[in-house]
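Colleague: Have a look at this fold, sequence not included:
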């Protein structure tokens with residue numbers, strides 16, 4: 001959410017994507033949080049950071065909404081949203097020219113992202129255990 005609005009809703013025609021932050025528990029990987037914080041290397045050769053990926057597999061080969069993340073002492077900027085894969089050097093910016101850049105206050109941004117792994121862990125604890133059923137079901 002950016003200023004109370006879902007980034008995914010701002011993206012035309014790409015509603016069938018999942019946030020990398022949502023898929024991370026399934027992939028058993030918190031690197032996406034660290035990439036967005038600028039503390040971990042991108043999986044893409046050009047250094048862009050994936051935000052949304054294929055909801056079925058999370059594979060960058062299916063395509064991903066990516067962004068350039070710039071971290072300064074006071075702010076974090078997401079700029080140049082684009083669509084790309086991990087097997088092609090080209091980034092398609094056409095549908096995203098009116099979206100962003102987004103400027104975040106760094107302390108608030110980091111606090112929100114640092115809370116993500118803890119939130120996911122709590123959510124997993126509260127989720128029903130696979131295969132467990134109440135006797136009357």
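Modeller: It's in. On a predicted model such as this, the values are computed, not experimentally measured, just so you know.
Colleague: got the contact list for residue 84?
Modeller: Residue 84 is in contact with 44, 48, 63-64, 66, 90-92, counting by Cβ atoms under 8 Å, 6 or more residues apart in numbering. Every C-beta, even on glycine, is put in place using the N, C-alpha and C of the backbone.
Colleague: Let me see the mean pLDDT of stretch 4-15.
Modeller: The average pLDDT for stretch 4-15 rounds to 81.
Colleague: chain center to that stretch, what's the gap?
Modeller: The offset between the C-alpha centroid of stretch 4-15 and the centroid of the whole chain comes to 13 Å, using Cα atoms, centre = their mean, to the nearest Å.
Colleague: contacts for that stretch?
Modeller: Taking contacts as Cβ under 8 Å, 6+ apart, the residues outside stretch 4-15 that touch it are 1-2, 17, 19, 51-52, 65, 81, 83, 95-96, 99.
Colleague: If we use 7 Å, what do you get?
Modeller: 17, 51-52, 65, 95, 99 (Cβ atoms under 7 Å, 6 or more residues apart in numbering).
Colleague: Would you mind listing which of those are buried?
Modeller: For the contacts of stretch 4-15, a burial check counting by 16 or more other Cβ atoms under 10 Å picks out 17, 51-52, 65, 99.
Colleague: secondary structure class for residue 68?
Modeller: Each residue gets one of three states, and residue 68 gets strand by DSSP: H, G, I helix; E, B strand; the rest coil.
Colleague: That one and residue 42: what is the separation?
Modeller: Relative to residue 42, residue 68 is positioned 10 Å away (criterion: Cβ to Cβ, to the nearest Å).
Colleague: quick one: common contacting residues for those two?
Modeller: Contact criterion Cβ under 7 Å, 6+ apart; residues bridging residue 68 and residue 42 by contacting each: residue 48.
Colleague: Of all the contacts of stretch 4-15, the one with the weakest confidence?
Modeller: The weakest per-residue confidence within the contacts of stretch 4-15 falls on residue 17 (84).
Colleague: Give the closest residue to it in space, chain neighbours not counted.
Modeller: Sequence neighbours aside, residue 52 is the residue nearest to residue 17 in space, at 3.7 Å (criterion: Cβ to Cβ, 6 or more residues apart in numbering).
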